[in-house]
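Q: Predicted model, plus sequence, below.
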Amino acid sequence: MNNILIRRSDIWMVNLKESYKSILKGIHPCVILSNWKACNKGETIQIIPITSKDKLNIPAHVEIGMEYGLDFESTILCEQIQTVNKEDLINKIGYCDQDKMEEIQEALFQQMGFTNKLDIKVIKEIEEKLKDIEELNRYLKKRRSTEILRERNRMIKCLNKYCLSKGIRLNLNKHMEEYSDEKVG
């Protein structure tokens, strides 16, 4: 198993160990949920089981077809996320495309009670802070100043921390790369 690449969104046949009552067990197709590093560095990964049995249409279920490498029209059971040993993976049979992974993410959000709706006040606050950072970048184009660069970098770090506290991942690299310490004297 060490030399086989495992990726998030792959569909693998997995030997699900004995479990309690209605939790899926036995050999089933499963969607790999773990990120790349967890998939290829750790001993365990998170999966979501798939069943071909008819299931109730609930928000935690995602329909998936044979075009994804399955033998039957099936249901992804997002309420049954499990951690398994990588040794329990048998073979890769397919993968989910971006659209299917977004459906799975939405079902997981529903199951966990998360919301992907952002507060308008938070968005406006982020926009204002980004405008301030862009203003400092415009200033740095005219006058290269280590002091202004440090202030801009501090603002970016604060904005990043603020976004993470609100559950938002924001890529601020483009604001950092415009003027680095090497370019300012």
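A: Everything's here; your move.

Q: check contacts around Leu136.
A: By Cβ atoms under 8 Å, 6 or more residues apart in numbering, the residues touching Leu136 are 148, 151-152, 155. From N, CA and C alone the C-beta is placed, and that goes for glycine too.

Q: gap between stretch 65-82 and the chain center?
A: In terms of Cα atoms, centre = their mean, to the nearest Å, the centre of stretch 65-82 is found 19 Å from the chain centre.

Q: Would you mark the buried spots in that stretch?
A: For stretch 65-82, a neighbour-count test (16 or more other Cβ atoms under 10 Å) marks 68-70, 74-82 as buried.

Q: Likewise for stretch 17-34?
A: For stretch 17-34, by 16+ other Cβ under 10 Å, it's 24, 28-34.

Q: Stretch 145-157 now?
A: So for stretch 145-157, counting by 16+ other Cβ under 10 Å, buried means 145, 148-149, 152-153, 155-156.

Q: Now do the strands in the protein.
A: Ranges of strands in the chain, per DSSP state E, are 10-16, 26-32, 44-51, 61-64, 74-77, 82-85, 89-95.

Q: Go through those strands and name the closest to Leu108.
A: strand 44-51 (8.1 Å; Cβ to Cβ).

Q: beta partners of the closest residue to Pro29 other than its chain neighbours?
A: Of all residues not flanking Pro29 in the chain, Ile50 sits nearest, at 4.4 Å (Cβ to Cβ, 6 or more residues apart in numbering). Residues in a beta bridge with Ile50, per DSSP bridges, are Ile76.

Q: Ile50 and Lys142, how far apart?
A: Distance, Ile50 to Lys142, by Cβ to Cβ, to the nearest Å: 58 Å.

Q: Looking at these two, which is more packed in?
A: Using other Cβ atoms under 10 Å as the criterion, Ile50 and Lys142 rank with Ile50 on top: 23 against 7.

Q: can you tell me which residues contact that one?
A: Neighbours of Ile50 in contact, by Cβ under 8 Å, 6+ apart: 11, 28-31, 64, 70, 74-77.

Q: picking up where we left off before, just the buried residues of stretch 65-82 now: which is nearest Lys92?
A: Nearest to Lys92, judged by Cβ to Cβ, of the buried residues of stretch 65-82 is Gly69 at 8.2 Å.

Q: where does that closest one land on pLDDT?
A: With respect to pLDDT, Gly69 scores 93.

Q: Can you verify my assumption that it contacts Asp10?
A: No. Look at Gly69 against Asp10 with Cβ atoms under 8 Å: they stay out of range, at 9.4 Å.

Q: Now do the shared contacts for the two.
A: 94-95.

Q: in this structure, which helix has the most residues?
A: Longest among the helix segments of the chain by residue count, using DSSP state H, is helix 120-142.

Q: you'd agree Ile126 is up against Leu159?
A: Yes. Contact criterion Cβ under 8 Å: Ile126 and Leu159 qualify, at 7.0 Å.

Q: Can you get me a residue count around Leu159?
A: Leu159, neighbours per other Cβ under 10 Å, totals 20.
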